[in-house]
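*Asks:* Return a 3D structure for these sequence lines:
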Amino acid sequence: MLEALDAAAAWYRMRTPFVLVSVVKVFGSAPRLPGIAMAVSAAGEVVESVSGGCIEGAVYEEAMQALGKPVPAILSYGITDADALGVGLTCGGDIDVFVESVDTVNYPCFLDLADAVSTGKRVAVATVVAGARVGAHVVVQPPSIDPGSPPADRMTQTAHAMLASGRTGQVKWNTDDGEDVVFVERFPAAPRLIVFGATDFARALIAAGRLLGYHTTLCDAREVFTTRTRFPEVDDLVVDQPYRYLSSTAVDERTAVCVLTHDPKVDVPLLEVALRGRAGYIGALGSRRTHVDRLRRLRDVGIVAGELERLRSPMGLDLGASTPHETAVSILAEIIASTRKATGRPLSVTAGPVHA
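*Replies:* Numbering: from 1, shown residues only. From the prediction side, this is the model:
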């Protein structure tokens, strides 16, 4: 949804009418997850997709008809019918999409959401997708402790609860006017990709990581190589000893640490810190001979077998990669597989659902 939000925020600021189409419920093997959105401007410009291509034409037509209409609606799409021109999902799933025309009157907190997401803050938005208050929105961020603040309404409380629990989905409750169906989408802070070693491989890895939504950091102690000229796309550029920086920065289970330095004097103290920290992925580039020597050196400084098992070395999946960009794809593919606890094997030789 990030690209759709960026475009929609620009239209919103220019007071250009647009429609937001959001996936709010998924059944079976649908191609996209709840929260994915497509934005359509009054000029017919389309940003993002809700199905990967299956129903985009039909959704686009619905969006254009919804422009300026005060009441949003849910549309449901399922398996394609027997007619070759029928509209549906060829993958066999079903999705519900919420179609709403957005302006400063019916969505006054839209920029609060867009600005929070664009700056990498944790935020959630609750939207009434069915019921008497359909189209109402609430945007929340992690609350500060204020004992004197008035109690929040039910919708705000629900949004805060789902933001805290890390969930996106629908909630229903009875009201005096019937039943409200509320869709809550949470946007976590961007995961971190911390790359050590100011090399061509680092530049490719950072560029690819940004495409996947990572907040990227490059750290190297060599000031002459660690410059904005060489790494214009990186979010944070740090000139420091790698082990010292990693010891001082915030790292959690969603952080990926990638070591590209190829120097035992740098690698060993850095990996010693990483393997005793909380990072969800820890990888180091190098040959198999380098890997054997690296393990020996890490054991010499007291890293035990259980800690060594966390190290992905040589890092990356076996794609036959050789160029920096190919290597970046190999590394990020392993990070994705590790994060999702997937096999990394070809789907053609695995069984079970394609979409977990």
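*Asks:* Just list what the helix or strand harbouring Ala4 packs against, helices and strands only.
*Replies:* Using DSSP states H and E, Ala4 sits within helix 2-13. For helix 2-13, the elements it packs on are strand 18-27, strand 37-41, strand 46-47, helix 110-118, judged by 3 or more C-beta pairs under 8 Å, 6 or more residues apart in numbering; DSSP states H and E. Every C-beta, even on glycine, is put in place using the N, C-alpha and C of the backbone.
*Asks:* Might you report the residue contacts of Asp293?
*Replies:* Pro264 (C-beta atoms under 8 Å, 6 or more residues apart in numbering).
*Asks:* shift numbering so it begins at 57
*Replies:* Sure, I'll start numbering at 57, so the last one becomes Asp349.
*Asks:* Check which helix or strand it maps to.
*Replies:* Secondary structure assignment for Asp349, by DSSP H and E: helix 344-356.
*Asks:* Surely Asp337 touches Ile391?
*Replies:* Just so we're on the same page, residue 337 is Tyr rather than Asp. Yes: using C-beta atoms under 8 Å, Tyr337 is in contact with Ile391, at 5.1 Å.
*Asks:* Contact partners for the residue nearest the centre of the chain?
*Replies:* The chain has Gly269 as the residue nearest its centroid, 5.2 Å off, counting by C-alpha atoms, centre = their mean. By C-beta under 8 Å, 6+ apart, the contact list for Gly269 reads Leu58, Ala246, Pro247.
*Asks:* That one and Ala64, how far apart?
*Replies:* 17 Å (C-beta to C-beta, to the nearest Å).
*Asks:* still on that earlier bit, does anything pack onto the helix or strand that the helix holding Asp349 is followed by? Which helices or strands?
*Replies:* On the C-terminal side of helix 344-356, the closest following helix or strand by DSSP H and E is helix 361-364. On a contact count with 3+ C-beta pairs under 8 Å, 6+ apart, helix 361-364 meets helix 344-356.
*Asks:* Average pLDDT for the helix it packs on, rounded please.
*Replies:* On average, the pLDDT along helix 344-356 is 95.
*Asks:* Distance-wise, check the residue nearest to Val173 when sequence neighbours are not counted relative to Ala93.
*Replies:* Nearest non-adjacent residue to Val173, counting by C-beta to C-beta, 6 or more residues apart in numbering: Phe243, 5.0 Å away. Relative to Ala93, Phe243 is positioned 12 Å away (C-beta to C-beta).
*Asks:* What distance do you get for Leu131 to Phe239?
*Replies:* For Leu131, the distance to Phe239 - C-beta to C-beta - is 14 Å.
*Asks:* Tell me which of these two has more neighbours.
*Replies:* Between Leu131 and Phe239, counted using other C-beta atoms under 10 Å, Phe239 has the larger neighbour count: 23 against 16.
*Asks:* and the helix or strand containing Ser386, what does it pack onto?
*Replies:* Here Ser386 sits within helix 380-395, counting by DSSP H and E. Contact analysis of helix 380-395 by 3+ C-beta pairs under 8 Å, 6+ apart lists helix 256-267, strand 337-340 as its packing neighbours.
*Asks:* Is it possible to get a markdown table of those that adds distance to Met371 and mean pLDDT?
*Replies:* Formatted as a markdown table, those follow (distance: least, C-beta to C-beta, whole Å; pLDDT from 0 to 100):
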| stretch | distance to Met371 | mean pLDDT |
| --- | --- | --- |
| helix 256-267 | 10 | 96 |
| strand 337-340 | 3 | 97 |
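*Asks:* Reformat these into JSON lines and put distance to Pro164 next to each item.
*Replies:* Below are the helices and strands packed on helix 380-395 laid out as JSON lines (distance: least, C-beta to C-beta, whole Å):
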{"stretch": "helix 256-267", "distance to Pro164": "31"}
{"stretch": "strand 337-340", "distance to Pro164": "40"}
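*Asks:* Check the ones you listed for me and report the most buried one.
*Replies:* Among the helices and strands packed on helix 380-395, strand 337-340 has the highest mean neighbour count (mean count of other C-beta atoms under 10 Å), at a mean of 23.
*Asks:* Give the other helices and strands that that one contacts.
*Replies:* strand 312-315, helix 320-331, strand 367-368, helix 380-395.
*Asks:* so what strands line up beside the third one?
*Replies:* Paired neighbours of strand 367-368 in the sheet (DSSP bridges): strand 337-340 (parallel).
*Asks:* then the strand it pairs with to PDB, C-alphas only?
*Replies:* What follows is strand 337-340 as a C-alpha-only set of coordinates in PDB (Å, rounded to 0.1, in the frame of the first residue of the first chain):
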ATOM      1  CA  TYR A 337      18.900 -12.500  10.300                       C
ATOM      2  CA  ILE A 338      22.700 -12.400  10.500                       C
ATOM      3  CA  GLY A 339      24.700 -13.100   7.400                       C
ATOM      4  CA  ALA A 340      28.300 -12.800   6.200                       C
END
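*Asks:* Kind regards, and thank you for your time.
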